[in-house]
Structures are given as C-alpha cells and as structure tokens.
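Peer 1: return a 3D structure for these sequence lines:
(2 chains)
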2 protein chains.
Amino acid sequence: MKRSSVKELLESDKFLHEVHVNGWVRTFRSNRFIALNDGSTIKNIQCVVDFENTNEDLLKRITTSAAVSIKGTLVESQGKGQTSEIQVTTLEILGDSNPEEYPIQPKKHSFEFLRENAHLRVRTNTFSAVMRVRSALSFAVHQYFQQNGFYYVNTPIITGSDAEGAGEMFKVTNFEANKAPLNEEGEVDYTQDFFGKETNLTVSGQLEAETYAMALGKVYTFGPTFRAENSNTTRHLAEFWMIEPEVAFNDLDANMDLSEDFIKGVLQYVLDNCKDDLEFLDNRLAQEEKTKPQAERSEMSLIEKLHFVVDNNFKRVSYTEAIDILRNSKPNKKKKFQFPINEWGADLQSEHERFLVEKHFKCPVILFDYPASIKAFYMRLNEDGKTVRAMDVLFPGIGEMVGGSQREERLDVLKEKMEALGIEEEELWWYLDTRKFGTAVHSGFGLGFERLVLFTTGMGNIRDVIPFPRTPQNAEF
Amino acid sequence: MKRSSVKELLESDKFLHEVHVNGWVRTFRSNRFIALNDGSTIKNIQCVVDFENTNEDLLKRITTSAAVSIKGTLVESQGKGQTSEIQVTTLEILGDSNPEEYPIQPKKHSFEFLRENAHLRVRTNTFSAVMRVRSALSFAVHQYFQQNGFYYVNTPIITGSDAEGAGEMFKVTNFEANKAPLNEEGEVDYTQDFFGKETNLTVSGQLEAETYAMALGKVYTFGPTFRAENSNTTRHLAEFWMIEPEVAFNDLDANMDLSEDFIKGVLQYVLDNCKDDLEFLDNRLAQEEKTKPQAERSEMSLIEKLHFVVDNNFKRVSYTEAIDILRNSKPNKKKKFQFPINEWGADLQSEHERFLVEKHFKCPVILFDYPASIKAFYMRLNEDGKTVRAMDVLFPGIGEMVGGSQREERLDVLKEKMEALGIEEEELWWYLDTRKFGTAVHSGFGLGFERLVLFTTGMGNIRDVIPFPRTPQNAEF
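Peer 2: Here you go, the predicted model:
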C-alpha cells in the first residue's frame, strides 16, 4: 500500500479506503486517540485505536514522540474542526520514546530551554511552523528573483579581502593555535597557510556581486554571512543568511522600488502558501500579547500586519527630513532618547528608527540620502558633496530590514573615497576594474533573512528563527 | 521610455517602435554594427549605427566592454539568424573601456588566464552561459524539493562538532595568530574564543539535517561546505555547495529512487529553460572535442548526454557485483589499473568508477551495499554484518556525483560503531537523541552541486563552474 503524508490524508475527500501513514505521536489520550504528526503540516491527524482489542503493552508504548506506522481506514471525522481521521487496523511502534527521559513534554516550555534542545525543538508546533515558514520564504526569495530575470550568484564564503568594512570578521586558518610558522622577519608566515594568505569569513557578498551585475545585468546572492561581534541581542546572530540583489543601470529610486516590491512579493507568497502555519503563529502571538500591559500590545494581529505591509506603500523619507521630525519629536524634547538628536549628521540609533516607524509613520519606512560620513565608501556621492545615495528600509518591531545604496560608479570619486579611508587600491584592484571597464550606474541592497523571518513569524528573538543559532559563547550542535 | 532587456527585444515580434536598451559592447565592426549584450541572454542584439552622421570621437569610444545606452527603432533584421535589430537614434557612452588596458579581448583566452580574472570572465560567452545555467540549476533544486513536500533547512556553517568525519576541517577563530590565551594548564584556552570552544567550518550538514527530518519528515540543505584538503585536481574545491536531502521513513531503495528522480528532474528543467546557453555550451564542447584524438572523443554531444541521463534508468549494481566485474575486467587482468582489484573489501578508486560507468555500463550507475569498513559510522549495517546500506551515484566524466545511505537508526548498533571508531558519545549526544526518542528508518544523500554544474555545462575543470573558486593557495577576490 502506498504511504501517504498526514497533509495528503487531511486534504483527501475520498473516504472508507485503506491508508498507511508513518509519523510521531504528539499526544495520546483516553487510551484511544492518537494525534499523529509527520511534519508535512502543523495539523495532526487523529488515529482512533480500538483499545479493547489492542495489546496492553503496545498501548503503553504509544507515548509522545514515539515513531509509529499506522494502517487503517480513512473516515470522515465526527470531531469538531477535523475533516478526516483514521480507524486504526494495525499499529506498529517504529521507535519508542521514554516519557521519563524525553525532554519535550506536551506542555509549555520556555524558548530558552528549547534553544538548548535545538535538535528537538522543531518537534513542537511553534518551531515546526516557524521552520516551514522559513523554508517557504526562502523559496519565495528565489522564485521572485528568477521570475524577474535575476541570476543567482554564489559569492565566496572564505574571502581574502578584508576591505568590505561591514563588520568584524572571523579568521579562517589551517594553522594549529599558537603554532603558526614564522617567516625570516619573525612574523606569522601566512604563505604557509592553506590559501597562502590571511583569510576571513565573508561579511557581505556585495563587492563580488557587483562584478557579476556588470556582466549579467541583474544578480542576487543568498548565502551565509558572519559577524564576529559580541552582540548579545534579540536581533543579532554571528552567522546569518543574507540576500543581496545587485542591478546594473538601476539608480536609487529603482533600488527602493525593487526592495519594496521584493518584500511585498515574498510576504504575499507566504500569505498564499502557509495559511495553517501563519494562523497558528498568529494565535501564538495573540496569546503572548495578552501577557503584556495594554499599552504595549500591538494594534494588529500577525496576519493583519503582513497584509498591511503588502497592501500599503512604504513611506520614503530623506535622512534630512527624518532628522527634522526627530529633532522636533516629543521624546527628543522630553529628553527620552538615550542619544538626543541635536544636529544634522548624527547617526540614527535603533530608538530613533523605532520612533519613526512605530510611532510617527506607523508603516515601513525607507530612509535615503544619508550623510556620507556615516556610510560606506562605495556609496554614490550626491551633487551636494555631503550626502550619499544610501537607503535603509525600517520595519516596525525589527528596525533595519534592508540596507542598500546606489554604488559610486565614478572611478576617480571612488578612489578618492578609498584613499581618504585608507583602503589600499591593491586590495580591491578587481573591484576598481568594474569602474575602469564599462562602468555604469548600479544599485543593490542587503536584506538579513532572519529579520524577515522574524517579522513574518512574529517571533521575538532571532535565535528562534534559525535552526541552530550561533552567538557569542554558543556553537552547540 | 521604458527600458527593455536584450532578451525582451530579441523575443519581440512588434517592430518599428522606439526602444531603449543599456548594455555592454561585445564587438563593433565596420564602424557600424554593435553587438550589444546585457547579460539577460547569451545572444547579442545588433545595433546599427548611422556612422556617417555620428561624431568620430564617439565612434572611437565604442570599444569592447564599454557600457552604452542606446535608443532607436526596433526593426526586423535582414541578417541571417537574427530576428530583430536596432536602428540607433541616440547612443550614449555610460562607461568607457580602454582597449589597450581591458584584459579580455574578443579572442580566445585560456581558462587559466580567465581564472586570474574571475571578476571579468563572466563577461565572456562561455562563462556567462555557465553561470546562467548554474543559476537555473540552483532554482531547479529548490523547485524540485519544494514541489515534492521537502522543507529547506539551513544547517550551521560554523560547527562545534568535529565528528562528521567527512574530511579535514578549516578552523574558525577570533584569536590573533600565535596570540591565543592559555589556561592554567598551559593549553590554549578556547573558553576565551568567540564561541567558547574550538570551532570549524562544516564539511556536511547531514547530522543536523537528520534531526530535522525526524520532525519535519522531508528536508534538504543547500549551502556551502568546506574541505581543507590539499587536492589540486579538476574535481575538488576547498569551498563548494552541497545539496543534502534527508527523508524520514525512506529506506535505501527509496533513497536511490529519490536521487535518480531528483537528478533527472533538475536536468530536465535546464533542458527546458536554458536552450540558448546549452546550445552554445554544446557547440563549445564539440569544438574542444575536435582537438582530441578520435579515440578520446565523446560519442554524444552535451545535449545528447543530458537527454540520455533524463531518458534512461540508472544502472543499480551492488558493490559485490561491481567487484566481480572489475576483477574480471580487461584493464585489471592486463594490470592497467594503478590499484589492482584482487579481493572483496577494496575501496574503489576513481579509475574503477570510471571503468564501470564509462566503459562497462556506459550510463549513470548507482553502486550500493558497500563494505562497512570503508564507509562512515552512521550508515546502516546490513544483516550480513559486513556491508552497509550505502550508495554512490557515479556519472560519466565526473565520477562520484552523489554519496548517500540509509542511516543506522538502531541506538545500540550506532553506539557500538561509534565506540569502535573512538567517537565520543558526549560529542554527539544530540545526534544520539534522534535514536532515543522516536527513531525510525531514514535515508539521505549529499550531492556536490559544482559536479552537477560541471556535468550539465560540459566544462572540464570545477574551478570554471563556480564564480570565485577557492583552492589551495588561492583565495583571490
């Protein structure tokens, strides 16, 4: 008999035939009703055991997380909210699960506890829903770009270039700790390391992606990136996945259009394809919100928030306008900001971004044209000589979701910038080549994938939206 | 005026209207005909310049790889093999390309030279075709799995686990070289490193993927993996992308079915979606073949090979049968093998795999049931006590494309295996948990993505199918 998934059986409208399904027991109640799950959907199928004619010892082995193989008859369910269930004919225990030892019991566990059991937490409703949504979002990313004429580029993970400047880097080496060979000058002799030079883990694939955009036109990366920063927050990971599109001939306006259309596109995909998981997560968040004081509760449910983003325009605001708004804002006047906004040129902190997005505009905001002094060397200088064509997309509850810019395509301006910052031309000879040979206006952005998953699932901590989070002092599994 | 891509214009059947296109000059001949490319397709669009009414200085700047913006009238082409061309009205140079300095000239360059210019080689027909096919293959991978009920899982890149045993690992650290702090015993104090322990770059996501398969049922990874092995061959990279599906309740037969169906599915996708690029690569390979002695030439063209794989069953052969075939083969009897096959238990070398695939069966071959002694600890032991449920998929010209197995799901047998090999239980406590709590038959495999790209594009060196290859002594860009 062909084996079916729980999803297939729950969606079936043909009854009274024999079926075969394997899965794990979620609960077993009244010595009769197994809630069976196989990961294909958040929903369980009810399997009704004829306990009067079933061996007592077998019944005892039907415990939470035991793997079972069930054959029986698919029938229309009498129970509320269920379409079908299985009248069990034969039940085989594939793998026992000793309830005395199994760490995940059918009760509420703290997310902290579950993080320590990251190999088992995906067996819970919350984490299985999060990880299915994460998977759907990943696919939506690829589908969006492929349908819009972009090519996927795998930029290098191990990089010999340390000029990206996006953050602290991890070192990659083959040397034994404290046993690196020395050269004649008594310095570490990196020519003897695996790659013959110092290498690090990438913080961004942008510079390499730019070289590909200048040939293939529209490209995107989607791969792991790394930051060796000691940030123990709910928004930072040492290892995270980043999406970086880069488009030849796009200026900053086209770049803003792309970021907005992209985010709306992938959220729409999830709304269309992850109904059951989103409903569960929507309900989970609603329960969590109830534990907060009234004033801190969100005005919208999770699904309402997703629809709101898809259906409304992002607000586009220049840095200069934003500074005016912030300077004149209540929290600034009442000195409630940790970092008061006094003058143009100040770097915006998380508190300012959140005020703009959550209190002032109450929608996603794209800030653009930042002061050159607080942004990276490769961003295109405006005619005013003091701002650059940078953009950040800010999201409620998340902060910065996207950081991007129109790139400086003029060789002379780019070289000046690099010199001013002490970046050696020899380090980035290949990057400069893109400006020497057929340079053109081009733009791109980076989107931290886990922040997108965080927003989409309504989870509160970024460690709970990636299977095995890497953070300071934590690389278990 | 809306800007169009070269692809859109070449596919258009509406003529005599004004169009706008940006791109890079591939060639400029007779002071009149620009072959313009923007990466959207391997094909160039011909842009006809009215040279008699064009400024001489401007004409001189139309050089290979210059970025240009062209407006003009789309007309039906008179030239052979072209559908449409542009009668240029205005031409603007966006970025010059000095022909004296530009490294990639419109002539044949060696792949070695182009590798040193990996940031520019994608501007050639061959590499743009390879990278577009690579992108399409990536998407085909995701689409295949998503359409078949698999969930994408991002297993960790930085791992604290060194028990995977698939190969030499790179170290990841925050310590300065030769300046790692020591503990009271005078040993390197890894508790002070970023993750509080020794960490490495992953060689495989399999063990973590198994924990997810035991909850979500069907999962796959697709991410970078690393081998710190000093292999300077045309088949090895230090950094490469791997695809690893893992399926609960699948035995080895189902695993073989999945690997075969998967490979056929993604190749069919490329045949359906990359016609122009494949035709170019088919022709390129045919030219290359002509330089070889008759006896070494392939009997099939590239596209014929792809169809052959899609249309024919892979041959499934047990290791024991394979040894018999090899022992009695001509090259073995004539002592032509570097490693003669004398007895059961021998590890198969590349020369044996190639003989089986290229000479004996002349089709993809799945070898299964290998001696336990030459395979990994997590593979399921057969009832004979000496073979394991391992499988390798071997491809002509490539060798091992896939390595997989049914996993040892029995806790006691797994522990015995680990003990025999000196793998500490504390290292893999979380892996053992999957066998403690609801264990079940499950299987999976790993497929080296670049080997798939190599086969699909007909290229000869794995360094030419990944944008920025990492190999011993090479991490440029």
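Peer 1: please parse chain A into its domains.
Peer 2: Domain assignment for chain A by automatic domain parsing gives A:6-102, A:123-168+A:203-464.
Peer 1: touching chain B at all, the first one?
Peer 2: Yes. Using Cβ under 8 Å from any Cβ of the partner chain, a contact is recorded between domain A:6-102 and chain B, made by A:7, A:22-25, A:38-40, A:65-67, A:94-98, A:101-102. In short, each C-beta sits where N, CA and C put it, glycine included.
Peer 1: first-to-last residue distance for that domain?
Peer 2: 23 Å (Cα to Cα, to the nearest Å).
Peer 1: same question, the last one
Peer 2: With Cα to Cα as the measure, domain A:123-168+A:203-464 spans 13 Å from end to end.
Peer 1: got CSV for the domains of chain A, with mean neighbour count and mean pLDDT too?
Peer 2: CSV is the format used below for the domains of chain A (neighbours: other Cβ atoms under 10 Å in any protein chain shown; pLDDT from 0 to 100):
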stretch, mean neighbour count, mean pLDDT
domain A:6-102, 17, 94
domain A:123-168+A:203-464, 19, 96
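Peer 1: out of these, which is closest to residue B:374?
Peer 2: domain A:6-102 (28.1 Å; Cβ to Cβ).
Peer 1: strands of the stretch 1-150 of chain A, start to end?
Peer 2: Using DSSP state E, counting those that start in this stretch, the strands of the stretch 1-150 of chain A run over A:18-29, A:33-37, A:45-48, A:67-76, A:84-95.
Peer 1: please disregard the earlier target; I meant the stretch 351-477 of chain A.
Peer 2: Under DSSP E, counting those that start in this stretch, the stretch 351-477 of chain A gives strands at A:365-371, A:387-395, A:399-406, A:442-448.
Peer 1: for the residue of the stretch 51-200 of chain A found nearest chain B, which non-adjacent residue is closest in space?
Peer 2: Of all residues in the stretch 51-200 of chain A, residue A:95 sits closest to chain B, at 3.4 Å by Cβ to the nearest Cβ. Nearest residue to residue A:95, sequence neighbours excluded (Cβ to Cβ, 6 or more residues apart in numbering or on different chains): residue B:439, at 3.4 Å.
Peer 1: list the contacts for the one you found?
Peer 2: Applying Cβ atoms under 8 Å, 6 or more residues apart in numbering or on different chains to residue B:439 gives the contacts A:67, A:94, A:95, B:214, B:409, B:410, B:411.
Peer 1: change it to 10 Å
Peer 2: A:66-67, A:94-97, B:214, B:248, B:407-411, B:414, B:432-433 (Cβ atoms under 10 Å, 6 or more residues apart in numbering or on different chains).
Peer 1: residue nearest the centroid of chain A?
Peer 2: The geometric centre of chain A, computed from its C-alpha atoms, lies nearest to residue A:450 (Cα atoms, centre = their mean), at 1.7 Å.
Peer 1: my read: that residue touches residue A:470, true?
Peer 2: No. Counting by Cβ atoms under 10 Å, residue A:450 does not reach residue A:470; the two are 11.3 Å apart.
Peer 1: overlap in contacts, those two.
Peer 2: In contact with both residue A:450 and residue A:470: A:237, A:239, A:240, A:463, using Cβ under 10 Å, 6+ apart.
Peer 1: closest one to chain B out of those residues, please.
Peer 2: Comparing every one of these with chain B (Cβ to the nearest Cβ), the shortest separation belongs to residue A:239, at 5.5 Å.
Peer 1: can you tell me, leaving aside adjacent residues, what's nearest to the closest one?
Peer 2: Per Cβ to Cβ, 6+ apart, closest to residue A:239 is residue A:470, 4.0 Å.
Peer 1: phi, psi of that neighbour?
Peer 2: phi -110, psi 120 (degrees, to the nearest 10).
Peer 1: tell me, how many neighbours does it end up with?
Peer 2: 25 (other Cβ atoms under 10 Å in any protein chain shown).
Peer 1: I'd say residue A:202 and residue A:154 touch.
Peer 2: No. Between residue A:202 and residue A:154 there is no contact under Cβ under 10 Å: 11.0 Å.
Peer 1: what is in contact with these two at once?
Peer 2: A:208, A:221, A:223, B:224.
Peer 1: among those residues, which are in strands?
Peer 2: A:221, A:223, B:224 (DSSP state E).
Peer 1: closest one of these to residue A:395?
Peer 2: Distance to residue A:395, by Cβ to Cβ, is smallest for residue A:221 among these, at 21.1 Å.
Peer 1: okay, and the beta partners of that closest one?
Peer 2: Beta-bridge partners recorded for residue A:221 (DSSP bridges): residue A:244.
Peer 1: just residue A:18 next, same as before
Peer 2: Beta-bridge partners, per DSSP bridges, of residue A:18: residue A:73.
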